[in-house]
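Visitor: dropping the sequence and predicted coords here.
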Amino acid sequence: MTSISKDAPQPENLVQPWPYAGSIGRAKQSIIGAGSGVYVRDDKDNWLIDGPAGMWCTNVGHRNEEMADTLYKQAMELSYNSPWYTSNAPAIELASRLAEHAPGDLEHVFFTTGGSTAIESALRFAQFYNNVRGRPSKKKILCREGGYHGSTYLSASLNGSQRNRDWMDYADGMFIKLSNPDPFRRPEAMDMAGFADHLVAEFEQAIADHGAENIAAFVGEPIMASGGVIVPPEGYFKRIRDICRQNEILFIADEVVTAFGRLGHIFASQEMFDVVPDIITFAKGVTSGYFPLGGMMVSAALMEDLRASNHPEAMYAHGLTYSSHPVGCAVALKNLDLLEGGIIDNARSVSPHFQDKLKSLEELSLVGEVRGMGLMACIECVADKESRNPLRLDTEVGARIDRHCQELGLLVRPLIHMCVMSPPLIIAEAQIDDMAGILHEGISRTMDDLRSEGIWNG
C-alpha cells in the first residue's frame, strides 16, 4: 500500500465538497491513506474505525479482494460502452437481479452515476410521465423538511435543511415542503399515534390546498439519513402511500442510504415499512463505494402506461455518459454476491447489539436521544434533556466530538449537534463495543471542554 508522508501538505488545488467561502480552496482536512475491513488509516498512521462507512456506502468494507479483482477483470474485458446505442452484459444481468429483489412490480432499472442523479432522473421521469399522459399541470413535488436528496439542481431543491439553502439557488416553485417527521421534536403532550395522525393530516391538507391535479409525486427517505437518522412513526409511510395512490401521486422512495443491507435487506421499503413504491432510487451501497453507480427502479405499471399512451413518439430525453457503466455494474454484481453470501446476515445479527450499545450513551447529560434502525444511528446532543434544545455552538458540537474520537481511534460523521454512525456491514460485536466505548469517552471529553470554556454547565 502507498503510505502518506506525515509531513504531506494538504493539496491546495483540490476543492472539497460543501466549502465555506472564507476557506474555499484552503480548507484543511484529514487525509485517509488506506482502508482495511472496518478500518481506515489517516495521515498520522493511525487506524480508525470507519464509523460512517465512508458516506453510508462502504457496506462490504475496505480492501475487499473480490471487489478489487472484479474491477480489474471487467476493465480489462470492457472498460466502457456508449449507453445511447449499445448495451453490455453486466448492466443487463444487474438489472435482472435487482428486479428480483425489488418489491411489487418494480421491474425496470435506469442506471445513473450516484444518488443525486438517481433522484434527478426520477423527478424528470415524473415530469415526462405526466406530459405523455396529457397532464402538463401535474408537476409539483411533495417533500419534507429535514430531508436530503442530492446536489444537482432538482435533487437539491428537495432538500429540507435551511442551513444548506442560504447561499444557493433552487427551483422552489416546484416543491411543497411538509414537516419533518421527527418524533423527538414532536409537539409536547402528543403521543406517537397522534403525531402520525398530525403528519398525515398535514399531507392531506397540502393536497387539498394545491390540488391533486397539480401534484406529480411525493419523495421521501424511509429513514432520513443526513437529516439525523429520523425514524418516522410506525405506519406513517403506509398511510402516505395509500393517499398517494388515491390521488394518482407517484410515491418515490429514496433508498440511497437504506438499501443494500443497511436495514438488513436489499431494499427496505416493503420489508421494513410495508410500502411498495412506484419508484425506488438507489446508489451508495449498490457498489459499496468501489465505483460510482446509482439508479432508479420503476414499476411495470408506469412503463405500461407510457407504452399505451397516444404519444409513442415522446422521448424521455435524459441520460448520462456513464449510465449502465460496465465496470460499475460488474462491481455491483459482485457486491450483491457478497451481501447475499453472508454480509446481510451479519448486519441483521449485530444490529440489535449496535442499537443497544449506542442507546446506552443516553446516560450522558449532553445526549438527548440516540435513535436508529439496522446499522444506522444518530446521537443528538442537547443543552438539557428536558427542553431538548439543541446545543449548536456554531455547528461545532458534532465536530468537537469527532476530533476527540479520531484521537481515540474512531471516525464520526458530525452533523452540527449530532453524530451519525453507519459502519460497514461486516462489523463484529467486539468492534461495536470499541466504537461505543470511544464515543462515550469522546462525548465525555467534549462535555469537559464545554464546561471549562463556560459554554455549557450541564
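Guide: Nice, I can see it. Numbers count the residues shown, from 1 in each chain.
Visitor: low-scoring stretches of the stretch 51-200 of the chain, by residue?
Guide: 162-165 (pLDDT under 70).
Visitor: strands of that one, start to end?
Guide: 106-112, 140-144, 175-178 (DSSP state E, counting those that start in this stretch).
Visitor: what's the longest one packed up against?
Guide: Under the contact definition 3 or more CB pairs under 8 Å, 6 or more residues apart in numbering; DSSP states H and E, strand 106-112 sits against helix 89-101, helix 115-132, strand 294-299, helix 300-307. Where C-beta positions appear, they are placed from N, C-alpha and C, glycine not excepted.
Visitor: E248 is nearest to which of those?
Guide: Checking those against E248 by CB to CB gives helix 115-132 as the closest, at 9.4 Å.
Visitor: circling back: point out the most buried one among the helices and strands packed on strand 106-112.
Guide: Most buried of those by mean neighbour count (mean count of other CB atoms under 10 Å) is strand 294-299; its value is a mean of 27.
Visitor: what are the pairing partners of that one, and which direction each?
Guide: Using DSSP bridges, the strands paired with strand 294-299 are strand 106-112 (antiparallel), strand 279-282 (antiparallel).
Visitor: what angle do the longest one and helix 300-307 make?
Guide: Comparing the axes of strand 106-112 and helix 300-307 via axes from the mean of the first three to the mean of the last three CA atoms, to 10 degrees yields an angle of 80 degrees.
Visitor: pull the residues that contact strand 106-112.
Guide: Residues from elsewhere that reach strand 106-112 (CB atoms under 8 Å, 6 or more residues apart in numbering): 83, 91, 94-95, 98-99, 118, 120-121, 125, 276-277, 279-280, 283, 293-300, 303, 320, 323-325, 328-329.
Visitor: return it as CSV; C-alpha atoms alone will do.
Guide: Output of strand 106-112 as CSV, limited to C-alpha atoms (Å, rounded to 0.1, in the frame of the first residue of the first chain):
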residue,chain,number,x,y,z
LEU,A,106,-40.6,-2.6,-9.8
GLU,A,107,-39.0,-4.5,-12.7
HIS,A,108,-37.2,-1.8,-14.7
VAL,A,109,-33.9,-0.1,-13.9
PHE,A,110,-32.4,3.1,-15.2
PHE,A,111,-28.7,3.4,-14.1
THR,A,112,-27.1,6.6,-13.2
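Visitor: report the buried residues of that strand.
Guide: 106-112 (16 or more other CB atoms under 10 Å).
Visitor: which of the residues you listed sit farthest apart?
Guide: E107 and T112 (17.7 Å).
Visitor: any idea how far N130 is from the nearest residue to S137 once chain neighbours are set aside?
Guide: Nearest residue to S137 in three dimensions, chain neighbours excluded: N214, at 5.4 Å (CB to CB, 6 or more residues apart in numbering). The gap separating N214 from N130 is 10 Å, by CB to CB, to the nearest Å.
Visitor: same question for N310.
Guide: Counting by CB to CB, the gap from N310 to N130 is 14 Å.
Visitor: ok, and the closest non-adjacent residue to the residue of the chain positioned farthest from its centre?
Guide: What lies farthest from the middle of the chain is N310; by CA atoms, centre = their mean that is 37.5 Å. Closest residue to N310 apart from its sequence neighbours, by CB to CB, 6+ apart: G134 at 7.9 Å.
Visitor: please apply the same query to G264.
Guide: R348 (4.3 Å).
Visitor: relative to R41, which of the strands paired with strand 294-299 is closest?
Guide: Of these, nearest to R41 by CB to CB is strand 279-282, at 29.3 Å.
Visitor: which residues are contacting the closest one?
Guide: 102-103, 106, 115, 118-119, 121-122, 125-126, 217, 250-256, 259-260, 267, 269, 294-299, 302.
Visitor: could you list the buried residues of that strand?
Guide: 279-282.
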